[in-house]
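Enquirer: pasted the sequence and its predicted model underneath.
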Amino acid sequence: MLTDEDIRSRTQAVIDDVGVEAEEVAFRSALWDAGLAMVQFPEGKGGLGLSPGLQGAVEDTIREAGRAFHPLAVNTIGIGMGLPTVLTYGSDEHHEKHLKRIFTGEDWWCQMFSEPSHGSDVAGLSSRAVRDGDEWIVNGQKVWTSVAHISRYGMLLVRTDPDAPKHKGLSYFILDMHAPGVEIRPLYQITGDAEFNEVFFTDVRVPHDNLLGDVGDGWRVATTTLMNERVALGGSTAPRGSGNIATLIDEWNKRKDSLSAAARGSLQDRVSQLWIEAEVGRLTTLRARSTSTVGNPGPEGSVGKLASAELNKRIWNTLMDVLGSEGMMHTPGYPLTRNLGGRDTYTASKSFLRSQANTIEGGTSDIMRNILGERVLGLPGEPRVDKNVAWKDIPS
């Protein structure tokens, strides 16, 4: 069994071979080939079949060598959600075609579940796929689809059997986002960005070979995606004190001496408490990763997602109070921009505005609390009167 030190040695060998400042795709490709991309993945598929807790040794070694590294940064949705879903339900051909290119960031992926009439109730969606020989013909609409405009592939959940109960009539496909009939329109947010999109399907033909899982098994596959999404959104394994809390601490240190004694005392208590909560969240995420498994995580991802979303909002709200009237200043002209995959330049007002979505995206905080209550605490579930009713018979 490989130890933490063994993993560090292997990682250092990769760094020595490609160089600590190698281009991102080349660096990640070398990690993948060495089994260090996701050490819990099978050998030959980016991993070494080890405990996921050992992944921290890879990341720490890279950062100690002087390279800024975040495992999800180049393709958050693809790596955080697409990789485990394709690995769990995809064929060998899917693995060969997609897995490595997702990790290297060569192919961006998006997730297409939500619809204008069905967000939190994903299983009630109405986009349809009808089989035509070796293909499926898809019609419908998705909404709030992050980075669809720069994605090569999408994770598509559609209804294939309207006569079955809503959870049982769904199927899950890999969609070529460049296929004829796929139309992507931007949705501009309060920040002035358009990272979200609405996606329309008009007689889009999807090969049957792009099916993940079985026909009608889409809810189970989608659950894998959703649980991994919440793990990805639920916390950071970056070094202590980094990320959003680091921004707050930096601004606090710059400005605290200019505040009145009363304001300084009040804000210092808030900043200190937020640093503690951020560190508790980071340590909880590390502990959860050390016991996680490949494929479909448990409800712990929902707990982490709930905590981190609420924490992020409090961090940015506090930063606005630290900045005072300066915090109200936004970019002159409030330009509408189309994010093309680069990392946004930090501005306090933009980050504050963007954080308001944290408790909605990836499952609302109310949904996370339901999961926590039902699947962690064992409380009675919400009434589900449509559970065994054919989807077509459910009032719209």
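Expert: All right, it came through fine. Numbers count the residues shown, from 1 in each chain.
Enquirer: can you give me how far stretch 314-327 is from the chain middle?
Expert: 26 Å (Cα atoms, centre = their mean, to the nearest Å).
Enquirer: residues making contact with it?
Expert: Among residues not part of stretch 314-327, those counted as contacts by Cβ atoms under 8 Å, 6 or more residues apart in numbering are 244-245, 247-248, 251-252, 255, 267, 270-271, 274, 277-278, 348-349, 351-352, 355. No exception for glycine: its C-beta is placed from N, CA and C like everyone else's.
Enquirer: buried subset of the residues you listed, written for PyMOL?
Expert: This is how PyMOL selects the buried members of the contacts of stretch 314-327, with burial counted by 16 or more other Cβ atoms under 10 Å:
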select buried, resi 244+245+247+248+251+252+267+270+271+274+277+278+348+349+351+352+355
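Enquirer: of the contacts of stretch 314-327, which belong to helices?
Expert: Counting by DSSP state H, the part of the contacts of stretch 314-327 found in helices is 244-245, 247-248, 251-252, 255, 267, 270-271, 274, 277-278, 348-349, 351-352, 355.
Enquirer: just for the chain, where's the confidence low?
Expert: 230-238, 288-301, 331-346 (pLDDT under 70).
Enquirer: domain parsing of it, as residue ranges.
Expert: Listed by automatic domain parsing, the domain ranges of the chain are 4-69, 109-218, 224-376.
Enquirer: what about the strands in the stretch 101-250 of the chain?
Expert: 109-112, 128-132, 135-142, 153-159, 170-176, 182-187, 196-207, 211-212 (DSSP state E, counting those that start in this stretch).
Enquirer: pick the most buried one from these.
Expert: Comparing the strands of the stretch 101-250 of the chain by mean neighbour count (mean count of other Cβ atoms under 10 Å), strand 109-112 ranks first with a mean of 27.
Enquirer: partners of that strand in the sheet?
Expert: According to DSSP bridges, strand 109-112 forms sheet pairs with strand 153-159 (parallel).
Enquirer: about what we covered before: ranking the domains of the chain by burial, who's on top?
Expert: The highest average neighbour count among the domains of the chain, using mean count of other Cβ under 10 Å, belongs to domain 109-218 at a mean of 19.
Enquirer: quick check: end-to-end length of it?
Expert: Distance across domain 109-218, first residue to last, is 18 Å (Cα to Cα, to the nearest Å).
Enquirer: what distance separates it from the centre of its chain?
Expert: 17 Å.
Enquirer: for V303, which non-adjacent residue is closest in space?
Expert: Leaving aside its sequence neighbours, V303 sits nearest to L372 (Cβ to Cβ, 6 or more residues apart in numbering; 5.7 Å).
Enquirer: could you find the closest non-adjacent residue to W391?
Expert: W391 sits nearest to K166 (Cβ to Cβ, 6+ apart), 4.5 Å away.
Enquirer: now for that neighbour: which residues touch it?
Expert: Contacts of K166 (Cβ under 8 Å, 6+ apart): A123, G124, D386, V389, W391, I394.
Enquirer: switch the cut-off to 10 Å
Expert: Each residue near K166 by Cβ atoms under 10 Å, 6 or more residues apart in numbering is listed here: 118, 121-126, 159, 219, 384, 386-392, 394.
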